[in-house]
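Student: Sequence first, predicted model second:
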Amino acid sequence: KTTQTPLVFYARALSTMADPSIPTKAEIDAAFSPALYGMMIGLSLYGIALAQVAYYYRKFPMDANYWKILTGSLLVLDSLHIFSLAAGIHDWFLIERLSFRYPT
């Protein structure tokens, strides 16, 4: 008779347990697919916003500083938003999907 270490016994017990509060990998993937579609649309809109800001700064150089600062600030906020969304998508689809931490 072979004896099992407590860690192996615990891992087998967890793998056979059906806990409905823990989402499956398919459920997690389904939850992240809207974020992926949102990122695709968001990147397109971000490119349009970059073009509009470049056009504004070239076409209206004599506008008040208030409008220039506001436009630049909104572009920085949009950049932070799109970069954080891309980082989250990158972490999920390229890093977390390769690990075995999530239940199957």
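Tutor: Okay, I see it. Please read these numbers as outputs of a predicted model, since none were measured by experiment.
Student: Distance check, L74 against Y37.
Tutor: In this view, L74 and Y37 are 24 Å apart by C-beta to C-beta, to the nearest Å. Backbone N, C-alpha and C define where each C-beta goes, glycine included.
Student: for A26, same thing?
Tutor: Separation of A26 from Y37 (C-beta to C-beta) stands at 17 Å.
Student: Report pLDDT for A87.
Tutor: According to the predicted model, the pLDDT of A87 comes to 88.
Student: Show me what the helix or strand that it is a member of is packed against.
Tutor: Under DSSP states H and E, the secondary-structure element containing A87 is helix 65-90. Contacts of helix 65-90 with other secondary structure elements, assessed using 3 or more C-beta pairs under 8 Å, 6 or more residues apart in numbering; DSSP states H and E, are made with helix 25-59.
Student: So which elements touch the helix it packs on?
Tutor: The contact analysis (3+ C-beta pairs under 8 Å, 6+ apart) places helix 25-59 against helix 65-90.
Student: what angle do the helix it packs on and helix 25-59 make?
Tutor: Per axes from the mean of the first three to the mean of the last three C-alpha atoms, to 10 degrees, the angle that helix 65-90 makes with helix 25-59 is 160 degrees.
Student: Now do W67: how many residues are near it, please.
Tutor: Residues lying near W67 (other C-beta atoms under 10 Å) number 11.
Student: scratch that, Y46
Tutor: Once other C-beta under 10 Å is used to define contacts, Y46 is seen to have 19 neighbours.
Student: Find me the pLDDT at the nearest residue to it once chain neighbours are set aside, would you?
Tutor: Nearest residue to Y46, sequence neighbours excluded (C-beta to C-beta, 6 or more residues apart in numbering): I82, at 4.8 Å. Reported pLDDT at I82 in the predicted model: 92.
Student: Distance of I82 relative to M39?
Tutor: Counting by C-beta to C-beta, the gap between I82 and M39 amounts to 8 Å.
Student: And what about M62, helix, strand or coil?
Tutor: Following DSSP: H, G, I helix; E, B strand; the rest coil, we place M62 in the coil state.
Student: Provide a list of residues in contact with T71.
Tutor: With contact taken as C-beta atoms under 8 Å, 6 or more residues apart in numbering, T71 is in contact with 53, 56-57.
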